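Visitor: build me a model:
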Amino acid sequence: MAESVEVLITASILPSYAHPGDAGADLHSSQDLVLAPGERALVGTGVSIALPDGFAAFVVPRSGLAVKHGITIVNSPGTVDAGYRGEIKVALLNTDQNASFAIAVGDRIAQIIIMPVARAAFIPVDRLPGSQRGEGGFGSTGRTQQSSTGTETSGDNQ
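Guide: Numbering: from 1, shown residues only. Have a look, this model is predicted:
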């Protein structure tokens, strides 16, 4: 099991891990609301935390809400820096085009993941060193391409 970190917290409902070994702890709504189709809302959790230096929290969608109801987080992941002391709120979006979605106080609306983070020392250079991947991005490893021998190859094999 991974090392745990002490996080000071004030909360109306404490975040909780559903299963041993889970990375994300469930965050609960502190308010009742209905999200109409296509609507977004900033939803309170009643949770404020004090993270130790060198850690950050990331608020991510719950997969069940996304798959079953089209509820996701607008700015996923939401980043909670170690110095932030305000209430963690979740920017929820109802992507369903037809159905409204009701949220009650205590409903699980997101997950919070606590992780160690490193601060980068950005070093300006005129040119970056090469790599096997190069500038390939946004689907570049999933493309099927015609090789010089006329056979198809996956971008993953190149």
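Visitor: neighbours around residue 27, how many?
Guide: Using other C-beta atoms under 10 Å, residue 27 has 29 other residues around it. Every C-beta, even on glycine, is put in place using the N, C-alpha and C of the backbone.
Visitor: try residue 94
Guide: As a burial measure, residue 94 scores 22 neighbours (other C-beta under 10 Å).
Visitor: that one bridge partners, please.
Guide: With DSSP bridges as the criterion, residue 94 is bridged to residue 71.
Visitor: just confirm it contacts residue 36, I think it does.
Guide: Yes: if you go by C-beta atoms under 8 Å, residue 94 and residue 36 touch, sitting 6.7 Å apart.
Visitor: which neighbours do the two share?
Guide: Contact criterion C-beta atoms under 8 Å, 6 or more residues apart in numbering; residues shared by residue 94 and residue 36: residue 100.
Visitor: just checking, which helix or strand of the chain averages the lowest pLDDT?
Guide: Of all helical and strand segments in the chain, the minimum by mean pLDDT, DSSP states H and E falls on strand 152-154, at a mean of 53.
Visitor: flag the shaky bits of the protein, pLDDT-wise.
Guide: Low-confidence segments of the chain (pLDDT under 70): 1-2, 143-158.
Visitor: and the strands in it?
Guide: For the chain, applying DSSP state E gives strands covering 8-11, 25-28, 33-35, 40-44, 47-50, 55-60, 71-73, 78-80, 89-94, 101-103, 108-116, 144-146, 152-154.
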